[in-house]
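Visitor: mind looking at a prediction? Sequence and model below.
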Amino acid sequence: MKMMIQVLIATALMWTTSRLYCCEEVFYVKEGDTVNLRLEELEANADYLYWSHSNLHKGRLAWRNPLAGWSFTTDERWISRLSISRNGLSITGVQEHDFGTVVFSRYIKQDGGATPMKIFRISKITVSVKSAYSPALPEEDVTLSCHVEKPQSHPRPDIYWLSPAGKRSRQTGGELIIYVSGRDNGWWSCVVVKDGGEDMATVFVSVLYLSPAPEYPLYTSEHSSLSIPCPFAHNISWEQFKFRDVKKVRWRYSPKMFSPRIFINPQNILFFSPTDNKWCWSANTSRGMSFVADLQNDHMILSKKQWRAEDRGFYMCDFKFSNHIYLRRAERVEVLQVVSSAGSELSSGQSVNLTCSLGRPLPKDHWVKWFAPKRAAVRSLLGSGRLDPAQINIPDVGMDDGGRWRCELWRNDTRLTSADITLTVSQQLNAWMLGSLCGSAGTIAVLLFLIYIIWRHRQIQRNTRRHRRHVCRCKHPKPKGFYSR
């Protein structure tokens, strides 16, 4: 009988222990982070609920009285850092004394006391970054460390690192060594795998780099302005460039690109050397004279007020460091123009083609929309949808076709830029009009000739009368005869 009672007690203890262990959960947290102790679907509808902590020797962290609601401890170590929700208890800005055991209990009348419902183990994660210089330059090594303090009676959890790009890496010997690139700049996460989920702690790896160029090029049109940005990577400033001893900063141009890193016939546009302590940009070629560069704390800009078709190509910002490491970022610029096959000054009846051009065939997802002068005959033929051609043919130009022609470049549903051209149309003389003009000119010439003859005749008569001698007969004649007066 005594043996049977001992067996029953042992069985009860094992059942109680297994029950508590099944309701135990481990949270791995970095100091300074927030931990959420979730109750999930655990029933908590009792009149009295309690949250206790192993490092709080007097009283409880939080408790609920049906009459007064929730109350919190007055211990200064936890003041203003606790919050209660239906899902559980949250502790913000985790500190050293928060690591330990937290127990959630409820009061059950039948048991005559508070019964533990769930146990939480808050364990510490320590993460760190080591490098010779910060920020690191591409191809330099950085060491990441992640250590966890596991609770007793729990197996050691698996650990892996998650890069900013989402790539997984396993650490060996408690450390992970990486040779960084621009994609490694950002927050790295140490992920701790546990029963029922994962916990993580983050640390920032600073890599001196330039933000990647966008997928699509920059668009502008002839005679329009455009600025080309060269932004630094997240959390990187110009002061950090100078700290890593940057020797020269350049803007370069290439009409074509052989590969993402190889450019055909690159030309230096502007440059300056930070070691000279001068913020004065120098132009290498005549092309650079029309550009303006500006260097801000977190980006660099190359600007031009009036772009031309000859400016199409790739523009690259270039940073050279003392250890012969280069940082480069290239961006393509497309310049839209309207080209007339017969120029901008036309005669009526002439044939002309208007082309909305990037200097190369338009990509498949690009299309153009034309806007013609109000009285142009072809205006009614232009649709408003994507079926508008990149080239318009006008076989017989009329006076109403003169004016401003504009084309817009679109990529799917995004308007990229627009360009325009102004056509001047003069009236062309045909044979009938030419004959009429010739006849009219002849008639006018004859009339002018007759007017000249009449005018000349009158002039002659006037001069003749002026020089004729006048004679008269005297009252007291002398001897017979006539005499001059």
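Guide: That came in fine, so what should we check first? Residues are numbered from 1 along each chain as shown.

Visitor: can we go C-alpha only for contacts and neighbour counts from here?
Guide: Fine.

Visitor: got a pLDDT number for residue 376?
Guide: Per-residue pLDDT puts residue 376 at 85.

Visitor: secondary structure class of the nearest residue to residue 181 once chain neighbours are set aside, three-state.
Guide: Using Cα to Cα, 6 or more residues apart in numbering and skipping the chain neighbours, the partner closest in space to residue 181 is residue 138 (4.7 Å). At residue 138 the chain is in coil, as set by DSSP: H, G, I helix; E, B strand; the rest coil.

Visitor: give me the phi and psi for residue 138.
Guide: The phi/psi pair for residue 138 (degrees, to the nearest 10) reads phi -50, psi 140.

Visitor: I'd guessed it sits against residue 179; true?
Guide: Yes: judged on Cα atoms under 8 Å, residue 138 makes contact with residue 179 at a distance of 7.4 Å.

Visitor: so for the two, which sits in the more crowded spot?
Guide: residue 138 (19 against 13; other Cα atoms under 10 Å).

Visitor: report the separation between the more buried one and residue 208.
Guide: 7 Å (Cα to Cα, to the nearest Å).

Visitor: where do the contact lists of the two overlap?
Guide: Counting by Cα atoms under 8 Å, 6 or more residues apart in numbering, the residues touching both residue 138 and residue 208 are residue 182.

Visitor: tell me if residue 457 really is in a helix.
Guide: Yes: under three-state DSSP, residue 457 sits within a helix.

Visitor: what number of residues lie near it?
Guide: Per other Cα under 10 Å, the neighbour tally for residue 457 reads 11.

Visitor: check what pLDDT it gets.
Guide: 75.

Visitor: next one: it relative to residue 366, how far apart?
Guide: From residue 457 to residue 366 the distance is 79 Å (Cα to Cα).

Visitor: same deal with residue 295?
Guide: 34 Å.

Visitor: picking that back up, list the contacts of the residue nearest to residue 181.
Guide: Taking Cα under 8 Å, 6+ apart, one finds 179, 180, 181, 182, 207, 208, 209 in contact with residue 138.

Visitor: the helices in the chain, which residues?
Guide: Remark: helices assigned in the chain by DSSP state H are 2-22, 238-243, 431-467.

Visitor: mean pLDDT lowest for which of the ones you listed?
Guide: Across those, helix 2-22 gives the lowest mean pLDDT, at a mean of 38.

Visitor: tell me who's in contact with the nearest residue to residue 188 once chain neighbours are set aside.
Guide: Take residue 188 and drop its neighbours on the chain: the residue closest to it by Cα to Cα, 6+ apart is residue 163, 4.9 Å away. If you count contacts by Cα under 8 Å, 6+ apart, residue 163 has them with 169, 184, 187, 188, 189.

Visitor: low-confidence stretches in this protein?
Guide: 1-22, 41-46, 108-112, 260, 276-279, 383-388, 428-439, 463-485 (pLDDT under 70).

Visitor: domain-wise, how is it divided?
Guide: Following automatic domain parsing, the chain resolves into domains at 2-123, 124-205, 218-335, 341-426.

Visitor: out of those domains, nearest to residue 448?
Guide: Smallest distance to residue 448 across the domains of the chain (Cα to Cα): 30.1 Å, for domain 341-426.

Visitor: now that closest one, how far from the chain's geometric center?
Guide: Domain 341-426 has its C-alpha centroid displaced from the chain centroid by 30 Å (Cα atoms, centre = their mean, to the nearest Å).

Visitor: roughly how far apart are residue 85 and residue 79?
Guide: 17 Å.

Visitor: revised request: answer the last question for residue 181.
Guide: Residue 181 is 43 Å from residue 79, by Cα to Cα.

Visitor: and those two? Which one has more around it.
Guide: More crowded of residue 181 and residue 79, by other Cα under 10 Å: residue 181, with 16 against 11.

Visitor: that one contacts residue 139, doesn't it?
Guide: Yes: applying Cα under 8 Å, one finds residue 181 in contact with residue 139, separated by 6.3 Å.

Visitor: show me where the stretch 351-485 of the chain has its strands.
Guide: 352-357, 366-371, 391-394, 403-411, 414-426, 471-472, 483-484 (DSSP state E, counting those that start in this stretch).

Visitor: which one of these lies nearest to residue 102?
Guide: strand 414-426 (55.4 Å).

Visitor: which strands or helices does that closest one pack on?
Guide: Here strand 414-426 touches strand 218-221, strand 326-340, strand 345-347, strand 403-411, going by 3 or more Cα pairs under 8 Å, 6 or more residues apart in numbering; DSSP states H and E.

Visitor: select, out of those, the one closest to residue 121.
Guide: Ranking the helices and strands packed on strand 414-426 by proximity to residue 121 (Cα to Cα) places strand 326-340 first, at 46.9 Å.

Visitor: would you mark the buried spots in that closest one?
Guide: For strand 326-340, a neighbour-count test (16 or more other Cα atoms under 10 Å) marks 326-340 as buried.

Visitor: of all those residues, which comes closest to residue 420?
Guide: Among the buried residues of strand 326-340, and counting by Cα to Cα, the member closest to residue 420 is residue 338, at 5.9 Å.

Visitor: hmm, back to that, could you redo the strands of the stretch 351-485 of the chain as JSON lines and give each row mean neighbour count and distance to residue 381?
Guide: Putting those into JSON lines (neighbours: other Cα atoms under 10 Å; distance: least, Cα to Cα, whole Å) gives the following:
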{"stretch": "strand 352-357", "mean neighbour count": "19", "distance to residue 381": "15"}
{"stretch": "strand 366-371", "mean neighbour count": "20", "distance to residue 381": "11"}
{"stretch": "strand 391-394", "mean neighbour count": "16", "distance to residue 381": "10"}
{"stretch": "strand 403-411", "mean neighbour count": "19", "distance to residue 381": "14"}
{"stretch": "strand 414-426", "mean neighbour count": "18", "distance to residue 381": "19"}
{"stretch": "strand 471-472", "mean neighbour count": "9", "distance to residue 381": "90"}
{"stretch": "strand 483-484", "mean neighbour count": "10", "distance to residue 381": "94"}
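
Visitor: okay, those strands in TSV with distance to residue 218 next?
Guide: Converted to TSV, the strands of the stretch 351-485 of the chain look like this (distance: least, Cα to Cα, whole Å):
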stretch	distance to residue 218
strand 352-357	15
strand 366-371	14
strand 391-394	23
strand 403-411	12
strand 414-426	9
strand 471-472	102
strand 483-484	104
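
Visitor: among the ones you listed, which is nearest residue 199?
Guide: Among the strands of the stretch 351-485 of the chain, strand 414-426 comes nearest to residue 199, with 41.7 Å by Cα to Cα.

Visitor: got the angle for the closest one vs strand 403-411?
Guide: Strand 414-426 and strand 403-411 meet at an angle of 160 degrees, taking axes from the mean of the first three to the mean of the last three Cα atoms, to 10 degrees as the criterion.
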